[in-house]
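> output the structure for:
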Amino acid sequence: MIRTGLSDLKDGFRFMFREKPVLWKISVVFSGVGLLLTSLVLIALPVLITQRLGFAPDTANRLYGYALGVMAGGAITGGAIAGVVASKLKPQTIPFILTGCAFSVLAGGMALQMLTAPPDNICCPDPGSRFSDSIIHPVPDPGNELYSDPDP
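Prediction:
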């Protein structure tokens, strides 16, 4: 079984390098793009959601999960659309498609640069209040025996 797999792999590489050399060039380009986009998703997106957008860690984790779900749905939808319109696309349209993709990434980057971090007291209008962070940390119940009022 391993011998058959290695033989098939050898035949595939022979075909790619000798009979259709454009295939390995395309493979290198797509591998490079995949490498760059993978680092964007794995490193930059969580940093953007937690630090630049200023969400609490639990909210940031949930939003990151939503963002990954949307990207997965977009990948599936894009693959389906590409399969349908692949026969209609001409090689001359590829630079326009790539330019459109680049502009969409640029627009997203510009939108993130225009954002400002939310204020610290976004959930509580009175930051001097004793329970100003009560939305993040619940107010203790005075009837509970574990509760002790620090200011009697």
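> just checking, next helix/strand downstream of the one helix or strand Ala75 maps to?
Per DSSP states H and E, Ala75 falls inside helix 57-85. Where DSSP H and E defines the elements, the next helix or strand beyond helix 57-85 is helix 94-114.
> low-confidence regions, the protein specifically.
Low-confidence segments of the chain, defined by pLDDT under 70: 116-152.
> if we go to 90?
1-2, 12-68, 71, 75, 78-79, 81-98, 100-102, 104-152 (pLDDT under 90).
> distance of the most centrally placed residue in it relative to Gly54?
In the chain, the C-alpha nearest the mean C-alpha coordinate belongs to Val41, at 4.1 Å (Cα atoms, centre = their mean). Per Cβ to Cβ, to the nearest Å, Val41 is found 20 Å from Gly54. For glycine as for every other residue, the C-beta is placed from the backbone atoms N, C-alpha and C.
> repeat for Ile43
Distance, Ile43 to Gly54, by Cβ to Cβ: 18 Å.
> what's Lys90 sitting at in phi/psi?
phi -110, psi 150 (degrees, to the nearest 10).
> so that it lines up with my notes, have the first residue be 121 from now on.
From this message on, residue numbering opens at 121, which makes the last subject Lys210.
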